[in-house]
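Just to be clear, the model below is a prediction. Sequence and coordinates:
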Amino acid sequence: MDEQLPILNPDGQYPDSVNSETVPPIVRFLPLQKALDLARANSLWPLTFGIACCAIEMMAASASRYDTDRFGAGVFRNSPRQADLMIVAGTVNLKMAPIIKRLYDQMPSPKWVIALGSCAICGGPFEQEDNYAVVQGVEKIVPVDIFVPGCPPRPEALIHAILELQERIKAGTTHALEPGAVAPVTEQPVEFVDLIERLKKQAQRKSAQ
Amino acid sequence: MDAVVSPQTLHAAAKVLKAEHFALDAGIGVDRQPELEVLYLFKQFSDGARVRLRIRTDRELATLPTLATTYAGAEWYEREIIDMFGITFTDHPHPRPLLLPHYTSFHPLRKDFHGAPIVIPDDTIGIPEIDIQEALKQGHVAGSRSDFFLNMGPQHPSTHGVLRILLHVEGETVLGGRCHLGYSHRGTEKLAEKKQYVQFLPYTDRMDYLSPLNYNWGYAKILERATGIEPTPRAEVIRVIMAELARVASHLVWLGTYLLDLGAITPFLYTFEDREQILTIFERATGQRMTTSYIVAGGVRNDLYGTFVTEVSDLLKKLYKRLPEYEDLVMGNEIF
Ligand code: SF4
């Protein structure tokens, strides 16, 4: 059994630092957790939700030629309460932002977010000095697992993102995994770097201190 | 005809136009520094006559009479102008923002506005209080107690995009509804102010992303008219072919998603495959599947590739055969 992976607290949260030598867990969830992760990774149910141009490529990815059903991620749900993957496909604007946050909160945990297209990453072509309407990246509202660059990204790129997400779910390295997770709001604009890598680095820094 | 009218004579002028069966085409705000101007475009459909009424106001005062009492269609145009220029229209039936959130206080299309910080409010409630109050007011006018208000959208499978409608329903009967727009407003007009004409071309792709070539063309046409550039005959032919293909691709999306709404999932898979074939041609010709930026002022960006003609004629032959198949698939379907 892999002792390095964190173990859930009784209240369902991952502890900040897990030291299994000093605190032996009473119940080990790890095998169950792994089985669950495997099941979840291979049956992602995305939320039907397109905001702008990128949504058309998302539809193309789910249609016959690209067919995300092959990877178990083709059951687009209309209700956030039945979905566990949010693909933010398009430009998030001022009026839309609270609604996206609300939809995210309505999705049951564990849940994951893919930011599809430059708009969802950083505002894309609408990141300009005179801008007043476009939120510069959906990461300011909900935590994002995978960023897919492109304007719009090709359907293959979305498929790649889904496969990558599946790998991370199986490895237990997505950061939005905790049940009852509440979206942290990032204050600063985030550069285009992989969030997981950043979180890992943070953890390393913490342990080094 | 182009006329500047005073606020007092606007109504009289509008009544004359209405008696002559002119339809309101658009209402546009213009910042003529220091004055603000509202431009109403009218069109007579029988012989295509056009009339432009301009009405001006002081920047500080920014108050004008509404046209919505004569032309009901002016309501939305004026609401947009309220958002963008901060002009108050007296006697306007619903003077509330159309595109911007209700809590903002800036007016983006005034020339002295230079961007605003993006502040997302903490509350994640989809229906602002002001909407509920408005709905309740309407409800009590209707008087029946069994009616209620239902929020539809902006995330709703059948609105396809981010339209939101506040529905007034009684049982299964829709008594009325109020549309709320602006969930996809990206401030393109403001961005255009600081761009050169060629720099703005890629934004036209993103206005109608289902048939970007047609929008490229519209924009290129404007530039050509303004500058007197003539495209070459070959470019014109390429434009027509490409724009027609884009139109067909756009209709295929419509057909697939419309039937999806009616509960037929299979046609969606067929139409998208056909669309993919058109997109493949686009990709070869323009380098992009969707955001093509291909039709530029003066012609097209690059010439077509060698096998374009045979590929398109093959595709068309295939599509012609597809049409009866689609009809069979839908109309000849027992459960449909
Ligand atoms: S990234 Fe590009 S294609 Fe995607 S929504 Fe934004 S503008 Fe449209």
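Nice, I can see it.

need the helices for the stretch 51-200 of chain B, in chain order.
Remark: helices assigned in the stretch 51-200 of chain B by DSSP state H, counting those that start in this stretch are B:74-85, B:129-142, B:188-193, B:197-205.

repeat for chain A
A:30-41, A:53-62, A:97-106, A:118-122, A:155-171, A:195-208 (DSSP state H).

where does A:Lys200 land on pLDDT?
If you check A:Lys200, the pLDDT there is 69.

Check B:Pro157 too.
75.

which residues touch it?
For B:Pro157, the contacting residues are A:48, A:78, B:261, by CB atoms under 8 Å, 6 or more residues apart in numbering or on different chains. Any C-beta I mention is one placed from the backbone N, CA and C, and that applies to glycine too.

Distance of it relative to B:Asn333?
21 Å (CB to CB, to the nearest Å).

Mind listing what's buried along stretch B:247-261?
B:248-250, B:252-253, B:255-257, B:259-260 (16 or more other CB atoms under 10 Å in any protein chain shown).

Revised request: answer the last question for stretch B:313-330.
In stretch B:313-330, counting by 16+ other CB under 10 Å, buried: B:315, B:322, B:326, B:329.

hmm, that stretch touching chain A?
No: using CB under 8 Å from any CB of the partner chain, stretch B:313-330 stays clear of chain A, with a minimum separation of 13.4 Å.

Please identify the residues of the stretch 101-250 of chain B in proximity to the ligand?
Proximity of the stretch 101-250 of chain B to the ligand (CB under 6 Å from any ligand atom) is limited to residues B:Arg206.

Could I get the full set of strands for the stretch 101-250 of chain B?
With strands called from DSSP state E, counting those that start in this stretch, the stretch 101-250 of chain B shows them at B:147-152, B:164-170, B:173-180.

most tightly surrounded among those?
strand B:164-170 (a mean of 18; mean count of other CB atoms under 10 Å in any protein chain shown).

list the helices and strands that one packs on?
helix B:129-142, strand B:147-152, strand B:173-180 (3 or more CB pairs under 8 Å, 6 or more residues apart in numbering or on different chains; DSSP states H and E).

between that strand and helix A:97-106, how big is the angle?
70 degrees (axes from the mean of the first three to the mean of the last three CA atoms, to 10 degrees).

Please name the strands paired to strand B:164-170 in the sheet, noting orientation.
The strands beside strand B:164-170 in its sheet (DSSP bridges) come out as strand B:147-152 (antiparallel), strand B:173-180 (antiparallel).

what residues are up against the residue of the stretch 101-250 of chain B at minimum distance from the ligand?
Closest contact between the stretch 101-250 of chain B and the ligand, by CB to the nearest ligand atom, is at B:Arg206 (4.5 Å). The contact partners of B:Arg206, taken as CB under 8 Å, 6+ apart, are A:52-53, A:125, B:186, B:188, B:212, B:291.

Make CSV from the strands of the stretch 101-250 of chain B and add mean pLDDT to it.
Listed next are the strands of the stretch 101-250 of chain B as CSV, based on pLDDT from 0 to 100:
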stretch, mean pLDDT
strand B:147-152, 76
strand B:164-170, 80
strand B:173-180, 80
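
can you list those strands in a markdown table and add distance to A:Ile169?
Below are these laid out as a markdown table (distance: least, CB to CB, whole Å):
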| stretch | distance to A:Ile169 |
| --- | --- |
| strand B:147-152 | 33 |
| strand B:164-170 | 33 |
| strand B:173-180 | 36 |
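
going on from the host helix or strand of B:Glu283, what's the next piece of helix or strand?
In this structure, B:Glu283 sits in helix B:266-286 according to DSSP states H and E. On the C-terminal side of helix B:266-286, the closest following helix or strand by DSSP H and E is strand B:295-296.

which regions of the chain sit below the pLDDT cut-off?
No chain specified, so I'll use chain A. Where chain A drops to pLDDT under 70, the residues are A:1-30, A:175-200, A:202, A:209.

other chain: chain B
B:121-145, B:336.

If we use 80, what do you get?
B:96, B:102-104, B:117-150, B:153, B:157-161, B:166, B:168, B:170-171, B:175-178, B:334-336 (pLDDT under 80).

domains for it, by residue range?
Chain B breaks down into these domains under automatic domain parsing: B:2-90, B:132-180, B:195-330.

and residue 114, how many neighbours does it have?
Using chain A here. When counting by other CB atoms under 10 Å in any protein chain shown, one arrives at 25 neighbours for A:Ile114.

wait, chain B
13.

Equivalent analysis for the one 4 residues further on, please.
The criterion is other CB under 10 Å. On that basis, B:Ile118 has 19 neighbouring residues.

how about it, what does it touch?
Contacts of B:Ile118 by CB under 8 Å, 6+ apart are A:94, A:131-132, A:134-136.

how about the residues of chain A near the ligand?
Counting by CB under 6 Å from any ligand atom, the residues of chain A that sit close to the ligand are A:52-54, A:90-91, A:117-119, A:124-125, A:151-152.

Just give me the closest of those residues to chain B.
Relative to chain B, the closest of those is A:Cys53; by CB to the nearest CB it sits at 3.6 Å.

which ones are touching residue 95?
Picking chain A for this. B:99-101, B:182-183, B:185.

ah, no, chain B please
By CB under 8 Å, 6+ apart, B:Pro95 lies in contact with B:79, B:82, B:88-89.
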